[in-house]
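# One predicted model, sequence on top.
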Amino acid sequence: MDRAFKQKMIAICNNKIEKKGANVGLSFYAFFENKNENPELLMEVAEWWIKTNKLDHFEKALKIKKMIED
């Protein structure tokens, strides 16, 4: 994933945490609009989420944010 998209993911995590608290969970779909305008990027993030990191469908936003920042 490119740096700009990682920054977008962090911003979305921060927004969710701010609005719903530290225990908020999200899926990789949270980083995309309802309209699939970039299927290649969606598949790249899905592979990172599911295949590379073996994450559950919903994970804590804090966990995802930390993974991206590291």
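Yes, it's here. Everything numeric in this text was worked out from a predicted model, so none of it was measured.
# got the CA coordinates for the longest helix anywhere in the chain in CSV?
Determined from DSSP state H, the single longest helix within the chain is helix 3-20. Extracted as CSV, the C-alpha positions of helix 3-20 are listed here (Å, rounded to 0.1, in the frame of the first residue of the first chain):
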residue,chain,number,x,y,z
ARG,A,3,2.0,6.0,1.9
ALA,A,4,-1.0,8.2,1.0
PHE,A,5,-3.4,5.3,1.5
LYS,A,6,-1.8,4.3,4.8
GLN,A,7,-2.3,7.9,6.0
LYS,A,8,-5.9,7.7,4.9
MET,A,9,-6.3,4.4,6.9
ILE,A,10,-4.8,6.1,10.0
ALA,A,11,-7.1,9.1,9.7
ILE,A,12,-10.1,6.8,9.4
CYS,A,13,-9.0,4.8,12.5
ASN,A,14,-8.5,8.1,14.4
ASN,A,15,-12.0,9.3,13.4
LYS,A,16,-13.7,6.0,14.4
ILE,A,17,-11.8,6.0,17.8
GLU,A,18,-12.7,9.6,18.4
LYS,A,19,-16.4,9.1,17.6
LYS,A,20,-17.0,5.6,19.2
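# Tell me which strands the next helix-or-strand element following that helix pairs with, and in which orientation.
Where DSSP states H and E defines the elements, the next helix or strand beyond helix 3-20 is strand 25-26. Strand partners for strand 25-26, identified by DSSP bridges, are recorded as strand 59-60 (antiparallel).
# Now stretch 36-56: average pLDDT?
When pLDDT is averaged along stretch 36-56, the result is 94.
# Using neighbour counts, pick out the buried residues of that stretch.
Neighbour-count burial for stretch 36-56 flags 45, 49, 55 (criterion: 16 or more other C-beta atoms under 10 Å). Placement of C-beta: from N, CA and C, glycine included.
# Let me know the closest of those to F5.
Nearest to F5 among the buried residues of stretch 36-56: V45, at 7.8 Å, using C-beta to C-beta.
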